[in-house]
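In: Need coordinates for the following:
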Amino acid sequence: MGTAHPSTEVNMSSFILSWALTLNHTLLLLAIILIILDFFVATDILTHIAYIILAYIVASNVQLHFMYQIIIGIVCWFVIVTAHYLFFRKFIQQVINRKIAPDKYRSGTDGLVGMAGQIKEIEQQKMVILEGDLWPIDNPEGFQQGQSVEVVEVKDGILTIK
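Out: Numbering: from 1, shown residues only. The predicted structure follows:
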């Protein structure tokens, strides 16, 4: 058996593909992908996993004692989740409602708009029954007990009906 010619010799390292990203860059890429997937999945699980990853990245890059890193990671996660529910979630919901699934999903009391209900009078106060729940109304004049109505707006938990 002879030796292979140097030009035909196979270098094993050429077969190994290098990812070329650090662990933090890989985790950041994964977090971004999970956040983008949240636009297509009607759950917050993917986003929360992404936020845990982001909090880990922030905490692991702080050059302090391990216990301080844990505290910083928890605080960072709490701040990200709070910002998500105060600001980013509404933005995601608007994008989903306009582009991906128009008017198929509305969260909270916004989901009551367009629903049909019936007027119910309890202790001289007119309310609307929607899916078994009683809701206060801001314009009770002109509606009778048992009359069918439609919700046109919700503000601070009080319905406007027609």
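In: switch to C-alpha atoms for all contacts and neighbour counts from now on
Out: Noted.
In: who are the neighbours in contact with the residue nearest the centre of the chain?
Out: In the chain, the residue lying closest to the centroid (C-alpha atoms, centre = their mean) is Asp44, at 4.5 Å. Listed by C-alpha atoms under 8 Å, 6 or more residues apart in numbering, the contact set of Asp44 reads Asp38.
In: So that it lines up with my notes, have the first residue be 734 from now on.
Out: Sure, I'll start numbering at 734, so the last one becomes Asp777.
In: Looking at per-residue confidence, what score does it get?
Out: pLDDT for Asp777: 82.
In: next one: the one 4 residues further on
Out: Predicted confidence (pLDDT) at His781: the value is 91.
In: Quick one: distance of the helix ranked longest in the chain to the chain centre.
Out: As assigned by DSSP state H, the longest helix anywhere in the chain is helix 799-816. In terms of C-alpha atoms, centre = their mean, to the nearest Å, the centre of helix 799-816 is set 19 Å apart from its chain centre.
In: contacts for it?
Out: By C-alpha under 8 Å, 6+ apart, the residues outside helix 799-816 that reach it are 781, 784-785, 787-789, 791-793, 795.
In: Okay, domains of the chain per the record?
Out: Structural domains annotated on the chain: 751-833, 842-894, as defined by automatic domain parsing.
In: Just name whatever secondary elements the helix or strand containing His758 is in contact with.
Out: His758 belongs to helix 756-770 when assigned by DSSP states H and E. When contacts are defined as 3 or more C-alpha pairs under 8 Å, 6 or more residues apart in numbering; DSSP states H and E, helix 756-770 packs onto helix 778-793.
In: Appreciated, that's everything.
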